[in-house]
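Undergrad: sequence first, predicted model second:
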2 protein chains.
Amino acid sequence: MKLYSAINPAPNPRRVRIFLAEKSLSIPIENLSIRDRAHKAPEFKQKNSLGQLPTLELDDGTCISESVAICRYLEALHPAPALLFGASAVESAQVDMWIRRIEFTLMNPIAAVWVHTHPFTARLGTQHKEYGESNRERVASAMHWLDRELGGHEFVGGSKTFTMADIVALTTIDFAKFVGIEMPDDAAHLRAWHARVSARASAAA
Amino acid sequence: MKLYSAINPAPNPRRVRIFLAEKSLSIPIENLSIRDRAHKAPEFKQKNSLGQLPTLELDDGTCISESVAICRYLEALHPAPALLFGASAVESAQVDMWIRRIEFTLMNPIAAVWVHTHPFTARLGTQHKEYGESNRERVASAMHWLDRELGGHEFVGGSKTFTMADIVALTTIDFAKFVGIEMPDDAAHLRAWHARVSARASAAA
């Protein structure tokens, strides 16, 4: 098994590294240079036709891409020391629901700001700046929503334990900061949650 | 158990109906009027704070939203007559990977065309028309990618059986048609797959 990955600030590769740290798992990792577009090279696109990182290659050559799918696979192989995708059908559905909510409601507008306003992405395609800028308001609204949802809870979705939804939310909030978007000052629950999960050893991944 | 849903052409509620038909499951359904914004009413937002459909309410009041999370929950309760999320760790990861690829690579740009160019959505917010129009090329590119991936395969992702990834892809392609985006003429594999899965009884849902 081998993981094709990329260094920070790429948020999706970091998700898998945090997951591995939480599971005390170690697998061989090869980092490709996103700056040099190594993930778009023909050789790598044989492993992932969309040219995206991370991608997990199994010993028989099967490749699994998408950070959440990779972690879901590793969870099935290694349920101990902690289940990060829930311990029952209801819990698993709720972790999945929250992963999706974070991705569609929070990550999508952050990605739009990144792709359509940031100097680093200007060379990759046409930027629709007015559209990109309009997403800052969507991000703030999503962060306020998440702040309300975190009130009285230790982890995302009211889970009693740290889950994959926390990993997705943490990497998303930290990527937003890289893009130049901070958590709102008045988002006290969100800020407290962020401090809590950032204090875990795995967050250094 | 009760499913809050919406009539066609809403693509996410249809995913769950197709899933239920494939499983030969029947659960009580209450359709809310999206046109009348019933899903944004305070009473419903107590069940789903994002005001989105579908949402599954369990007998103890627990609510699960997100079409894929709802189907994943129902799969855990009812593994027979067919597993639609894979039968092994590798298969499950690949179904999850393909669901995500379809959503991020194909559905996201279709949604952008819908939200930013369509007359039906003009009253819901500022439309960035140039950005919206630019997504037609992304949709065509994604459909051509999916067409190549389907070459020599009966189902999405090379699965030997119909899975949730086919449901997500079918509802996405059909929603694109509603928005006014057809499959490219030269996408023969995609068109053949679409005809195949559309011929299943469940597709009438």
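TA: Everything's here; your move. Residues are numbered from 1 along each chain as shown, chains lettered A, B, ... in the order given.
Undergrad: what residue is smack in the middle of chain A?
TA: Centrality entry for chain A: nearest residue to the mean C-alpha point is A:Val168, 3.9 Å, by C-alpha atoms, centre = their mean.
Undergrad: and A:Ser24, how many neighbours?
TA: A:Ser24: 11 surrounding residues under other C-beta atoms under 10 Å in any protein chain shown. No exception for glycine: its C-beta is placed from N, CA and C like everyone else's.
Undergrad: skipping adjacent residues, who's closest to it in space?
TA: Nearest residue to A:Ser24 in three dimensions, chain neighbours excluded: A:Pro81, at 6.4 Å (C-beta to C-beta, 6 or more residues apart in numbering or on different chains).
Undergrad: hang on, that neighbour in a strand?
TA: No: A:Pro81: not assigned to a strand; according to DSSP: H, G, I helix; E, B strand; the rest coil it is coil.
Undergrad: spell out which parts of chain A neighbour chain B.
TA: With C-beta under 8 Å from any C-beta of the partner chain as the criterion, chain A comes near chain B at residues A:49-50, A:58, A:62, A:64-66, A:68-70, A:72-73, A:76-77, A:89-90, A:92-94, A:96-97, A:100-101, A:105, A:108, A:116, A:126, A:128, A:130-131, A:134, A:145, A:148-149.
Undergrad: report the buried members of those.
TA: Those of those that meet the buried threshold are A:50, A:64-66, A:68-70, A:72-73, A:90, A:92-94, A:96-97, A:100-101, A:105, A:108, A:116, A:128, A:131, A:134, A:145, A:149, by 16 or more other C-beta atoms under 10 Å in any protein chain shown.
Undergrad: which of those residues fall within strands?
TA: Judged by DSSP state E, strands contain the following of those: A:Ile64, A:Ser65.
Undergrad: surely A:Thr171 meets A:Arg17?
TA: No: using C-beta atoms under 8 Å as the test, A:Thr171 is too far from A:Arg17 to be in contact (9.4 Å).
Undergrad: out of these two, which sits in the busier spot?
TA: Per other C-beta under 10 Å, whichever of A:Thr171 and A:Arg17 has more neighbours is A:Thr171, with 26 against 21.
Undergrad: check contacts around the residue nearest to the more buried one when sequence neighbours are not counted.
TA: Spatial nearest neighbour of A:Thr171, chain neighbours left out: A:Pro11 (4.3 Å); criterion: C-beta to C-beta, 6+ apart. Taking C-beta atoms under 8 Å, 6 or more residues apart in numbering or on different chains, we find A:Pro11 in contact with A:Met107, A:Thr171, A:Thr172, A:Asp174, A:Phe175.
Undergrad: what is the most widely separated pair among these?
TA: A:Met107 and A:Asp174 (11.5 Å; C-beta to C-beta).
Undergrad: which of those two has more neighbours?
TA: Neighbours were counted for A:Met107 and for A:Asp174 using other C-beta under 10 Å; A:Met107 has more, 24 against 17.
Undergrad: which of the contacts of A:Pro11 fall in helices?
TA: Applying DSSP state H to the contacts of A:Pro11, the entries found in helices are A:Thr171, A:Thr172, A:Asp174, A:Phe175.
Undergrad: out of those, the closest to chain B would be?
TA: Each of the ones in helices among the contacts of A:Pro11 was scored against chain B by C-beta to the nearest C-beta, and A:Thr172 proved nearest at 14.0 Å.
Undergrad: tell me the pLDDT at the most far-flung residue of chain A relative to its centre?
TA: In chain A, A:Asp60 marks the outermost C-alpha relative to the chain mean, sitting 26.8 Å out by C-alpha atoms, centre = their mean. On the pLDDT scale, A:Asp60 is placed at 98.
Undergrad: tell me who's in contact with it.
TA: So A:Asp60 contacts nothing (C-beta under 8 Å, 6+ apart).
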